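A.B. asks: I would like the atomic coordinates for the input below:
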Amino acid sequence: MSQFQTDIALEINGICKTFPGVIALDHVSFKVKKGEVHGLVGENGAGKSTLIKILSGVYSAESGELVINGKKAHISSPIDSLHSGIQVMHQEISVMPNMTVAENILIYDLPRKFGFYMDDKIMNARARELLDSVGLYHISPTQKVGSLSLANQQMIHLARIVSTNPSVILLDEPTASLTSNEAKELFAVIQRFKQNGVAVIYISHYLDEVISISDQITVLRDGRHITTVNSKSVSSDDIVTAMIGHQIKKEFRKPEVYGNEVLRLTNVTTATLIRNINLCLRQREVLGLYGLGGAGKTETMRAITGLDSVLQGTVSLFNTDVTHSSIAKKLRQGLAFIPEDRRRQGLVLQMNVQENASLGGERKYAFGGILRKKFEANDIKTYVKKMRIKSPSMQTQVSVLSGGNQQKVIMARCLAHQAKVFLLDEPTVGIDVGARGEIYQLISEIVQEGSSVLLASSDINEIMQTCDRVVVLSHGRVAAVLDRKDCTEEKLLMYAMGMGEENNEKEQFA
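C.D. replies: Numbering: from 1, shown residues only. So this is what the prediction gives:
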């Protein structure tokens, strides 16, 4: 046991917070020890985000108290939170892309000489130490942050947090945009935090990940504290049951009677990663694209849509060569792409539900150059209802919806555009377990009505639960094509890691 385990870093005592018509937090209490990783889980709407905002000073609690390192803390602003020793790494990366790495890291306390000029020498030396502390040995303090990958930008944000010597660090969905190797690097940094006596609150929808990295796990449901348990004594099923109040029964989707071929890739190669990709999707089929981080799942979908240029090979949609067709033409032919980063690439967060669901529908909703607003509203309402989107109204700003409902808004848009081939890239990333089941059910309904789905995911359970066949990618190539009856976790992982005998597109449609 660590020398820090006997001391409490953070006490949350009877915290309450309400909004009009909603009790967001109802007398929530739990403790986090120094040198401990404390998992915080719950469905969307359970109160996690509200609690994070109270700890970070965005909201003020209406009652209850926060005790940090044995002293009562009064947090009413982000500055109060920072001075109290709390730092938050939000899911949305917070960096200044046009500034250098060193300037980003030391933004809270830029070293000066003569009281005015920045001391670049001292700044870069300090930044070098902080970069090394989070494993970024290969990054130069003088590089512009905008030139770095999202994963490196996230770690630079973490280095900035380290520069303030915090007592408590909150990590909100920290691996959502990381590959498996990048996630391992983050976990190594978290272990160093533990050794230094820093308390870490780890928030994630990836329950196996939470159980693996955490010492204790607290479950919230409907704004209430349900339980705090030792992570070594529970399974992911136990956590899910606590989160939703009942057990979830895993049901595998029943395959439909397939129709004709709707999408085919033949020896597709791009400049980004993928090489000689072959696959075929049929009507009323869910075809999985499985692979580890960097396998080429997203790149394959970008090649199909035309976001990445195809250097070699062909893409056929409904038996028509669309390899070099415009994105707009492919959309008109019934192709729909729902990207992994729904907030940045799939939605306009400042617009409402109706506006987001009707994006790109100008041809459908306009007549004589005039938008038929009533027709648009009635049409979108049909698809909002079909997707079972939970929103106060269609005029609600989409940014306030849960991740699951945001995903449904994009799916409603695709249906409004009469899409027949859906490309879903990591469709349940950042979505809680209850909402995932709803997304899987909607996928089944879409397929039953005659559409087809190409689903890319690094979640083995998701792939096995939803897909009829699985194309396994490894290092940008097809490693295997498997029927669901032949899929096991071991076999999928073996092919994904490049350890299986190559089985590139030996498809049998009998």
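
A.B. asks: does Glu236 touch Asp208 like I think?
C.D. replies: You called it Glu, but residue 236 is Ser. Yes. Using C-beta atoms under 8 Å, Ser236 is in contact with Asp208, at 5.5 Å. The C-beta positions use only the backbone N, C-alpha and C, and glycine is treated the same way.

A.B. asks: so which of the two has more stuff around it?
C.D. replies: Neighbours of Ser236 and Asp208, each counted by other C-beta atoms under 10 Å, are more numerous for Ser236; the result is 16 against 13.

A.B. asks: just want the phi and psi numbers for the residue nearest to that one when sequence neighbours are not counted.
C.D. replies: Take Ser236 and drop its neighbours on the chain: the residue closest to it by C-beta to C-beta, 6 or more residues apart in numbering is Leu207, 4.2 Å away. The phi and psi torsions at Leu207 (degrees, to the nearest 10) take the values phi -70, psi -40.

A.B. asks: what pLDDT does the model give Leu207?
C.D. replies: Leu207 is assigned 84 on the pLDDT scale.

A.B. asks: please begin residue numbering at 15 from this point
C.D. replies: Sounds good: first residue 15 from here, last item Leu221.

A.B. asks: what about it, neighbour count?
C.D. replies: There are 21 residues near Leu221, going by other C-beta under 10 Å.

A.B. asks: which stretches of the stretch 115-264 of the chain aren't confidently modelled?
C.D. replies: 129, 191, 260-264 (pLDDT under 70).

A.B. asks: and the helices in it, which stretches?
C.D. replies: 115-119, 134-147, 164-176, 194-209, 221-227, 250-258 (DSSP state H, counting those that start in this stretch).

A.B. asks: sorry, back to before: I figured the residue nearest to Ser250 hits Val248, correct?
C.D. replies: No. Using C-beta under 8 Å, Leu221 is not in contact with Val248; the gap is 9.6 Å.

A.B. asks: poorly predicted segments of the stretch 365-514 of the chain, please.
C.D. replies: In the stretch 365-514 of the chain, residues with pLDDT under 70: 513-514.

A.B. asks: apply 80 and report the result again.
C.D. replies: Where the stretch 365-514 of the chain drops to pLDDT under 80, the residues are 376, 383, 444-449, 507, 511-514.

A.B. asks: count the residues that sit near the closest residue to Arg498 other than its chain neighbours.
C.D. replies: Distances taken as C-beta to C-beta, 6+ apart put Asp482 closest to Arg498, at 5.8 Å, once the chain neighbours are dropped. By the measure other C-beta under 10 Å, the count of residues near Asp482 is 21.

A.B. asks: now do the strands in the stretch 315-464 of the chain.
C.D. replies: Secondary structure of the stretch 315-464 of the chain by DSSP state E, counting those that start in this stretch: the strands cover 324-331, 334-335, 349-352, 380-381, 384-385, 435-439.

A.B. asks: looking at the ones you listed, which is nearest to Thr314?
C.D. replies: Proximity to Thr314 (C-beta to C-beta) singles out strand 435-439 among the strands of the stretch 315-464 of the chain, at 9.1 Å.

A.B. asks: buried residues in the closest one, which are they?
C.D. replies: By 16 or more other C-beta atoms under 10 Å, the buried positions in strand 435-439 come out as Val435, Phe436, Leu437, Leu438, Asp439.

A.B. asks: what's across from the fourth one in the sheet?
C.D. replies: If I follow you right, that is Leu438. Ile352, Leu469 (DSSP bridges).

A.B. asks: what separates it from Ser249, distance-wise?
C.D. replies: 28 Å (C-beta to C-beta, to the nearest Å).

A.B. asks: ditto for the third one
C.D. replies: In this structure, Leu437 and Ser249 are 33 Å apart, going by C-beta to C-beta.

A.B. asks: one more: the first one?
C.D. replies: Using C-beta to C-beta, one gets 37 Å for the distance from Val435 to Ser249.

A.B. asks: equivalent analysis for Leu120, please.
C.D. replies: Taken as C-beta to C-beta, the span from Leu120 to Ser249 is 43 Å.

A.B. asks: these two - which one has more neighbours?
C.D. replies: Looking at Leu120 and Ser249 with other C-beta under 10 Å, you find the greater number of neighbours at Leu120, namely 22 against 11.

A.B. asks: contacting residues for the more buried one?
C.D. replies: For Leu120, the contact set (C-beta atoms under 8 Å, 6 or more residues apart in numbering) comprises Met137, Arg140, Ala141, Leu144, Arg174, Ser177.

A.B. asks: got JSON lines for these, with neighbour count and distance to Val46 too?
C.D. replies: JSON lines is the format used below for the contacts of Leu120 (neighbours: other C-beta atoms under 10 Å; distance: C-beta to C-beta, whole Å):
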{"residue": "Met137", "neighbour count": "21", "distance to Val46": "33"}
{"residue": "Arg140", "neighbour count": "19", "distance to Val46": "28"}
{"residue": "Ala141", "neighbour count": "26", "distance to Val46": "29"}
{"residue": "Leu144", "neighbour count": "21", "distance to Val46": "24"}
{"residue": "Arg174", "neighbour count": "22", "distance to Val46": "22"}
{"residue": "Ser177", "neighbour count": "19", "distance to Val46": "22"}
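
A.B. asks: thanks a lot, catch you later.
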